[in-house]
Structures are given as structure tokens and as C-alpha cells.
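Asker: the following comprises the amino acid sequence and a computationally predicted model.
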2 protein chains.
Amino acid sequence: MSKVLIFGHQNPDTDAIVAAKAFAYYQSKKGLDVEAVALGEPNMETNYVLNHFDEPAPRVIKTAANETDHVMLVDHNEAQQSVSDRDQVTVDAVVDHHKIGNFETAAPLYYRAEPVGCCSTILTEMFNEEKIEIPAKLAGLMLSAIISDTLLLQSPTTTDIDREAVRELAEIADIDVQSYGVEMLKAGTNLSAKSDKELIDGDAKSFDMSGKSVRIGQINTVDLSEVIDRQAGLEKAMQDENAAEGYDLFITLATNVLTSDSELIVAGSNLDVVEKAFNVTLDHNRASLPGVVSRKKQVVPPLTDAFEA
Amino acid sequence: MSKVLIFGHQNPDTDAIVAAKAFAYYQSKKGLDVEAVALGEPNMETNYVLNHFDEPAPRVIKTAANETDHVMLVDHNEAQQSVSDRDQVTVDAVVDHHKIGNFETAAPLYYRAEPVGCCSTILTEMFNEEKIEIPAKLAGLMLSAIISDTLLLQSPTTTDIDREAVRELAEIADIDVQSYGVEMLKAGTNLSAKSDKELIDGDAKSFDMSGKSVRIGQINTVDLSEVIDRQAGLEKAMQDENAAEGYDLFITLATNVLTSDSELIVAGSNLDVVEKAFNVTLDHNRASLPGVVSRKKQVVPPLTDAFEA
């Protein structure tokens, strides 16, 4: 059998890159021939993390079927967030912490999802269950992924299981979570170096909501005015993407990772649904969402419900 | 919050009933207010098991939303095998060992699937991971479910994880697996007491295959001629069901649980797809499938592939 490829979602964030590496290490300890790859280049934050722990970036693939029949997914399950030719390969395993979207297989598989803040948290549990020791470098990487996904345990997606995993991983990696975490989050928010298109595309994901194609991206910052000042350019970039990719609606969530507040900027149709979902009135395609930091928990569910209503 | 209801699939078999009881015990130990219920009456085999361990049958429900907002599923995930009003409630957790069929949620959840022979095997692992002790009676019930699903560890769905669970549960319950298992399987195959409609419906499940509605039932027996002698009546019953329920194709798999051979009896359209899927020629709507005992592993995947081809 050819090597099994393990990867996270398109537009990889730190968890998508790290969870693939962690699951590959876990599977190799169980005797499988696997390789952690990625569906895109690491972002600024992830590059900071990889440099910090002297870990190479994974190989980037565009398709899987040209080199293997079997894949494993981490940190995602929905087809439109996965490798482009996923229907040509067999998914042997999924480890994820997102909602399940029209996932379908021809045969039974390993599927492990938990409603926790980070995929690397679930992997920490799996290492413990199987009594596989986590090396110090991998613990540092997995700790970084949890800090990234939970915004230093501030996001409402954070659970006690995430907190316990952070405690355990920080001890193994011998890292001060607070000081390292703030440096890491800041490293990921150097917006001035990015074009408007790079900003809206950064970690954007596509969702099917009642037949509408909805694109949702998130920009982390330590100063929301950095984003608001660029609204005209961002709107133009979203309109261009809508036209090019056929999205009905593009939403960019700009989040202040230090204060846990967000601004919503939208382009496309169904703006009334957005207003209803978040109980706001859009002013020049923008609205404030105080206390909103989680796309997964605070944006996707109310928007899905509003489209279905 | 109202009590969380936990249940297996419609037309419950021993695993569907027992896994619900086991998961309910597990969740109650974690402090949740739960109740194991069922989507139908226990079959003959399950009644034998419940009587043997002096365990009451679960309450049967037809709908869930009239009494709760939250449910947990065991031994199934597909909507058409679940409670009729599942779209009205939130699925908090799934523990399953089947393929995933168009499963979709609005929010993250706990989902645990493994490609093993029985849902109660996964639950045995989960008890061990959380260091929750399995009481002797529950161990006997879970052991029965694994014997049932794997036909005494003979089915090709059987894995080393199932064998290890059987060893562990048999020790806790202090049961001789071979002698108890044969008695239990025989108790479930008293076909003469059942009408043709009861036979084809016994544990039938519905599948969507490339837009076609396919119904697949399985009859366990210790003598295939018992089924073959009733072919005309069974075909008539399947045709009636197709007309009443709108199925495109009805397949009944009759399986000799002692020799691990099956006969296939079909009614409806797309019979050429059936022939292609199993590489057989139907003779009067019937074909022999030597060595086939698993609907999940040996019937659904090739049929799904043939419909997609």
C-alpha cells in the first residue's frame, strides 16, 4: 500500500499544520507508513511557530490521488475545505473539532470529533489514551495550535479539556504559556505586510448554507482600526472573489485578539440574512460584534440557522 | 435542560438496544441526566439476551422533540435510520461503527466512529479510557451485542479490538463465550414464528444510493432452506413494501450464521446493478453469495460503488 497522506484544511492555520504532524507521529508509532502534508503554505503565525521550534514546514500538495489511495483528515471534514480530488481517494480517518457537513463515506472509518477548542487537544487525549509519549518539540507545536485556536484560552470555544491539554503540553515543552502565547499571536497579526486579497483570503473557508455558497474569513489583529481603515479595499477584494469563484456572500470577521471584539464586513447578496443572524443593522456593509471571536461557534451556527429559517 | 435521550437505529438489533444502555450508563457516570430508549421493540435474540441478564427492555419512542431538545445516537448516524423528527433536536453525540451517510450538524459535537465489528466494542474502549468500571450485568449485555454483530467473531467485520473487548467483557461477566454465544444466536433465528413481512422487515435499513432508495434486510438462520422455501412469499412482501414506501430496490440477505454463507433475494428495479455489484447472475431473483455475512462490509460498499459507476 502506498503511503497514507495526512493533512488539514485549505488555507492552513497553525492547528491544520500541527495537527497533521501530530497525527502522523501518532500513526507512525502505531506502525503505519504516513506523511504529514499541507494544502497550502504556512501563514505568518505558523511560520513563527515552526521557526521557534526549529520544525520544517510540511510539503504542500494540490492533489492526493496522483500519489496515494488513502488519506486521513485533521481539523476539517467538509469536502469544499479539503483536497480538490478527495472523491478519488479513501478517507481512512478523521480527527476534527468542527461541525460535520455532508460527510459521506462508502465504508466505515475512524472518525473522532469532539466539541473542544482545538484539534490538537483531541490528539493530546488520543496520545494519552494509547499511552504514546509526546516529544517535547511536538508538545510545543501542539501547545501553539491550542493557543492559536482558542486565542490564549479566551475564545468561547475553550473547554476544560483544552485547559488541561495546555497545562500538560506546557509542562512537557517547558514553556511559559502567557508570555509565549502573546508573542505568537502578535507575530500572526502583521497586517500591513499583506494585500487586501491576502487579508480576506488568509484563513477563509467555504460553507454551503441552504444552497448558498458562503465564504467566511477571519483577520486577527491587535488594533481593529487597522482593518476598518482598509474597508473599501477589502470590500472590493471580496466582490472580486465573489465574481471569480461564484460565492453568494463573503463575510470577513476582523477580530481583536486582545479585547475579544470583532467587526463584520460583508460583500454580496443575502445581507438581510446576515442582519437577522447577528441581530445587527449593517452600516455601509459593516457592523460591530462585541464579544464575538469564534467563527465556528459564534458566526457559522447563527448564520446557518438564519439561512434555514 | 431536559433529559437527554440516547437511542440506536430503527428496527433495533441487540447492539442498538445494548449500546444505548451502555452509553447511557457511561454518560450518567459523567453526571449527565440521560435515558436509554429504543426506536422499536427488541427482536427475539435481544429478548433472549435481556431475559438472560434480567434486564428490562427500554421504553420505545416514536418521536423525540416532544420530550427533549437533545439526543445522542449509538450504532447509526444516517437520518433515515434514526428518529423521525431528528431535524427538530440537537445531536450532542454519536458513537457508531458504520459508514457516515450525509451527516450534517449546525454545531460541533462529539462523534466517535471506528471501523470495528460492534458499537459496544467502541464503548468498551471508552469505558477503559475514562477508567469507568463496567458492572458485570452490563458487561454481559455488551458481550452479547458483540457476539450478535460479529456472529461469534466469525464476520469479516471482526477486528482484534473486538476480540480484546470480548475477552475483557467475558471475564467481567464470567461467561463462556462459545456456549453462550451459540445459544444466543440460535434463539434469534426461530423463523417459523414470523410472517413474511416480519422476516424482510426484521432488521432492514434504508440507504440512499445515487438517488435511489435501497432497502436492505438480513435474516439470520441456521438452515438456509428455511428461507428459500418461503421465497415467493418474501418477494411478494418486498414488492408490497416497495410500493407502499417508495423503495426502488429491496434486498433480503439470508445468512447461515453457522456456515457463514448467504442467499440474496431481490425485488424492484436496478437488478442489473445488483448483478454487477456481486458479480452474479440472478436466477428467479435469487443468487448465492458464499462467504458473505456482513451487510455493512460485503453488501453496502460494492452496491454503493455499482450504483455510482
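Answerer: Thanks, I have the structure now.

Asker: quick one, helices of the stretch 1-150 of chain A?
Answerer: Applying DSSP state H, counting those that start in this stretch to the stretch 1-150 of chain A gives helices spanning A:14-29, A:44-52, A:119-129, A:136-150.

Asker: avg pLDDT for stretch A:234-246?
Answerer: Across stretch A:234-246, the average pLDDT comes to 96.

Asker: what does stretch A:76-87 give?
Answerer: 94.

Asker: check whether it comes near chain B.
Answerer: No. Using C-beta under 8 Å from any C-beta of the partner chain, stretch A:76-87 stays clear of chain B, coming no nearer than 8.9 Å. Quick note: C-beta positions are derived from backbone N, CA and C, even for glycine.

Asker: among the helices of the stretch 1-150 of chain A, which is nearest residue B:83?
Answerer: helix A:119-129 (27.4 Å; C-beta to C-beta).

Asker: packing partners of that closest one?
Answerer: Counting contacts by 3 or more C-beta pairs under 8 Å, 6 or more residues apart in numbering or on different chains; DSSP states H and E, helix A:119-129 is packed against helix A:14-29, strand A:90-96, strand A:110-113, helix A:136-150, helix A:160-173.

Asker: what residues does the stretch 201-309 of chain A put near chain B?
Answerer: So far as C-beta under 8 Å from any C-beta goes, the stretch 201-309 of chain A lies against chain B at A:296-297, A:300-301, A:304-305.

Asker: so which of the residues you listed belong to strands?
Answerer: Residues of those located in strands (DSSP state E): none.

Asker: can you lay out those residues as TSV showing neighbour count?
Answerer: Output for those, formatted as TSV (neighbours: other C-beta atoms under 10 Å in any protein chain shown):
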residue	neighbour count
A:296	21
A:297	19
A:300	24
A:301	17
A:304	22
A:305	15
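
Asker: dump those residues to CSV, plus pLDDT.
Answerer: Formatted as CSV, these follow (pLDDT from 0 to 100):
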residue, pLDDT
A:296, 88
A:297, 88
A:300, 95
A:301, 94
A:304, 95
A:305, 94
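
Asker: the helices and strands packed on helix A:119-129: which one's closest to chain B?
Answerer: Among the helices and strands packed on helix A:119-129, strand A:110-113 comes nearest to chain B, with 3.9 Å by C-beta to the nearest C-beta.

Asker: residue contacts, residue A:90?
Answerer: For residue A:90, the contact set (C-beta atoms under 8 Å, 6 or more residues apart in numbering or on different chains) comprises A:69-71, A:106-107.

Asker: and if you look at residue A:178?
Answerer: Counting by C-beta under 8 Å, 6+ apart, residue A:178 touches residue A:152.

Asker: swap the cut-off to 6 Å and go again
Answerer: By C-beta atoms under 6 Å, 6 or more residues apart in numbering or on different chains, the contact set of residue A:178 is empty.

Asker: state whether it is indeed within a helix.
Answerer: Yes. Under DSSP: H, G, I helix; E, B strand; the rest coil, residue A:178 sits within a helix.

Asker: could you measure from it over to chain B?
Answerer: Residue A:178 is 26 Å from chain B, where distance means C-beta to the nearest C-beta, to the nearest Å.

Asker: now the end-to-end length of stretch A:37-52.
Answerer: In stretch A:37-52, first residue to last residue: 20 Å (C-alpha to C-alpha, to the nearest Å).

Asker: who touches that stretch?
Answerer: By C-beta under 6 Å, 6+ apart, stretch A:37-52 touches A:5, A:7, A:10-12, A:14, A:17, A:57-61, A:144, A:184, A:187-188.

Asker: do the same with stretch A:182-197
Answerer: A:44-45, A:48, A:220-222, A:226, A:233-234, A:237, A:257.

Asker: one more time with 7 Å
Answerer: The contact list for stretch A:182-197, computed with C-beta atoms under 7 Å, 6 or more residues apart in numbering or on different chains, reads A:43-45, A:48-49, A:144, A:147, A:151-152, A:199, A:219-222, A:226-227, A:230, A:233-234, A:236-237, A:257.

Asker: ok, back up a step: can you redo the helices of the stretch 1-150 of chain A as a markdown table with mean pLDDT and distance to residue A:163?
Answerer: What follows is these, written out as a markdown table (pLDDT from 0 to 100; distance: least, C-beta to C-beta, whole Å):
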| stretch | mean pLDDT | distance to residue A:163 |
| --- | --- | --- |
| helix A:14-29 | 98 | 16 |
| helix A:44-52 | 95 | 20 |
| helix A:119-129 | 97 | 9 |
| helix A:136-150 | 97 | 9 |
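
Asker: circling back: ok, which pair from the residues of the stretch 201-309 of chain A next to chain B is furthest apart?
Answerer: A:296 and A:305 (14.1 Å).

Asker: dump the helices of the stretch 1-150 of chain A into JSON lines; add mean neighbour count as well.
Answerer: Shown next, in JSON lines, are the helices of the stretch 1-150 of chain A (neighbours: other C-beta under 10 Å):
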{"stretch": "helix A:14-29", "mean neighbour count": "26"}
{"stretch": "helix A:44-52", "mean neighbour count": "19"}
{"stretch": "helix A:119-129", "mean neighbour count": "23"}
{"stretch": "helix A:136-150", "mean neighbour count": "26"}
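
Asker: where does chain A dip in pLDDT?
Answerer: Under the criterion pLDDT under 70, the flagged ranges of chain A are A:1.

Asker: how about the contacts made by the residue nearest the centre of it?
Answerer: When C-alpha atoms, centre = their mean is applied to chain A, the residue found nearest the centroid is residue A:13 (5.1 Å). Counting by C-beta under 7 Å, 6+ apart, residue A:13 makes contact with A:43, A:46, A:148, A:203.

Asker: so the last one, which of the three states?
Answerer: For residue A:203, the secondary structure call by three-state DSSP comes out as coil.

Asker: got a list of what it touches?
Answerer: Applying C-beta under 7 Å, 6+ apart to residue A:203 gives the contacts A:11, A:13, A:217-218.

Asker: just the buried residues out of those, in ChimeraX syntax.
Answerer: In ChimeraX, a selection of the buried entries from the contacts of residue A:203 looks like this (16 or more other C-beta atoms under 10 Å in any protein chain shown):
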select /A:11,13,217,218
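
Asker: quick check: the farthest pair among the contacts of residue A:203?
Answerer: Spatial extent of the contacts of residue A:203 (C-beta to C-beta) is set by the pair A:13 and A:217 at 11.4 Å.

Asker: can you spell out the domain ranges of chain A, please?
Answerer: A:4-186, A:191-308 (automatic domain parsing).

Asker: so which of these is the most surrounded?
Answerer: Mean neighbour count (mean count of other C-beta atoms under 10 Å in any protein chain shown) peaks for domain A:4-186 among the domains of chain A, with a mean of 20.

Asker: and that one, how far apart are its ends?
Answerer: Span of domain A:4-186 from end to end, C-alpha to C-alpha: 35 Å.

Asker: show me the helices in the stretch 201-309 of chain A, by range?
Answerer: Going by DSSP H, counting those that start in this stretch, the stretch 201-309 of chain A shows helices at A:225-228, A:231-245, A:271-278, A:300-308.

Asker: check which helices and strands the last one sits against.
Answerer: Just to be clear, that refers to helix A:300-308. Helix A:300-308 sits against strand A:205-209, strand A:212-221, helix A:271-278, with contacts defined as 3 or more C-beta pairs under 7 Å, 6 or more residues apart in numbering or on different chains; DSSP states H and E.

Asker: dump those to CSV, plus distance to residue B:96.
Answerer: Output for the helices and strands packed on helix A:300-308, formatted as CSV (distance: least, C-beta to C-beta, whole Å):
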stretch, distance to residue B:96
strand A:205-209, 23
strand A:212-221, 29
helix A:271-278, 31
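
Asker: good, we can wrap up now.
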